[in-house]
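K.L.:
When you get a sec, could you give me coordinates for this:
(2 chains)
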Protein chains: 2
Amino acid sequence: MSPNENIEQGLEFTPKYDSNGLITAIAQDVETGQILMKAQMNAEALAETISTGRAVYFSRSRQKLWKKGEQSGHVQKVERILVDCDQDCLILKVRVDAGQCHVGYQSCFYRALKKGTDNKLELIAEKVYDPKEAYKNG
Amino acid sequence: MSPNENIEQGLEFTPKYDSNGLITAIAQDVETGQILMKAQMNAEALAETISTGRAVYFSRSRQKLWKKGEQSGHVQKVERILVDCDQDCLILKVRVDAGQCHVGYQSCFYRALKKGTDNKLELIAEKVYDPKEAYKNG
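P.N.:
Have a look, this model is predicted:
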């Protein structure tokens, strides 16, 4: 197989990190199929996710590992890790409790573009917890 | 609201493009919830997606707009566009036919990390079309 075919058709896991050493990871609820969030991982975060079975990301704003839920308690138990054809994106199939987004919603995707507009959003979800309470010691 | 609160809680759509003018878009089957692919959009691709109702991405390898399905026929009819809390990622809820990945699978995520390993993949899907046939005029 050519190098490209190897990446696309092979069974060797060779995650392709970008120039910052990061790869996109999408967390999807293994039960409902709901997409919960999009984050980045570096090699260390991915290794820790695989070894612990809990989602660990890399926080670009804080420039350090981010163990999802270490502060809020809303951890993600990783049941399976999928990779796409060019191996530059991962899906984490996760088992979660209520409230995965720091704003208070189950998913970070709680708004949708309003039909017939190109700049107005509408809420499509309700908050499931009070972030002020969860992060009060933060 | 502070600028940050506006982005997270407001109802104005202000997609946050990266330094290359791109935003991540995830295509998800509106019927099954399956994640089909991850791609990038620039402002022009997003505007065309909104105005035509068909997914248009930006191809980084070809550095031009990529009207999904223009060659393969496997278009994506966009039913809804969701945005996440910090507005740096979109979900396109799409209606599709069989075979969304250029390798021949329904989804680009046709492999999963094998349990107990950190470098071996296993196939989790079967091909739904023959890409050689679909791209023969490409």
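K.L.:
Which of the helices or strands spans A:Q100?
P.N.:
Secondary structure assignment for A:Q100, by DSSP states H and E: no helix or strand.
K.L.:
what helix or strand is A:E5 on?
P.N.:
Under the assignment here (DSSP H and E), A:E5 is part of helix A:3-9.
K.L.:
what's the helix or strand following that helix packed up against?
P.N.:
Going down the chain from helix A:3-9, the next helix or strand is strand A:23-29, by DSSP H and E. When contacts are defined as 3 or more C-beta pairs under 8 Å, 6 or more residues apart in numbering or on different chains; DSSP states H and E, strand A:23-29 packs onto strand A:35-41, strand A:89-96, strand B:35-41. The way it works is simple: take the backbone N, C-alpha and C, and place the C-beta from them, glycine included.
K.L.:
Now render those strands as CSV, adding mean neighbour count.
P.N.:
Formatted as CSV, the helices and strands packed on strand A:23-29 follow (neighbours: other C-beta atoms under 10 Å in any protein chain shown):
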stretch, mean neighbour count
strand A:35-41, 23
strand A:89-96, 22
strand B:35-41, 23
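K.L.:
Relative to B:P3, which of those is closest?
P.N.:
strand A:35-41 (21.0 Å; C-beta to C-beta).
K.L.:
helix/strand/coil for A:T49?
P.N.:
helix (DSSP: H, G, I helix; E, B strand; the rest coil).
K.L.:
Surely it and A:A55 touch.
P.N.:
Yes: between A:T49 and A:A55 there is a contact under C-beta atoms under 8 Å: 5.6 Å.
K.L.:
Residues that sit against both of these two, list them.
P.N.:
Residues touching both A:T49 and A:A55 (C-beta atoms under 8 Å, 6 or more residues apart in numbering or on different chains) are A:78, A:92.
K.L.:
Next, count neighbours for the residue nearest to A:E8 when sequence neighbours are not counted.
P.N.:
Sequence neighbours aside, A:C85 is the residue nearest to A:E8 in space, at 4.9 Å (criterion: C-beta to C-beta, 6 or more residues apart in numbering or on different chains). By other C-beta atoms under 10 Å in any protein chain shown, the residues close to A:C85 number 21.
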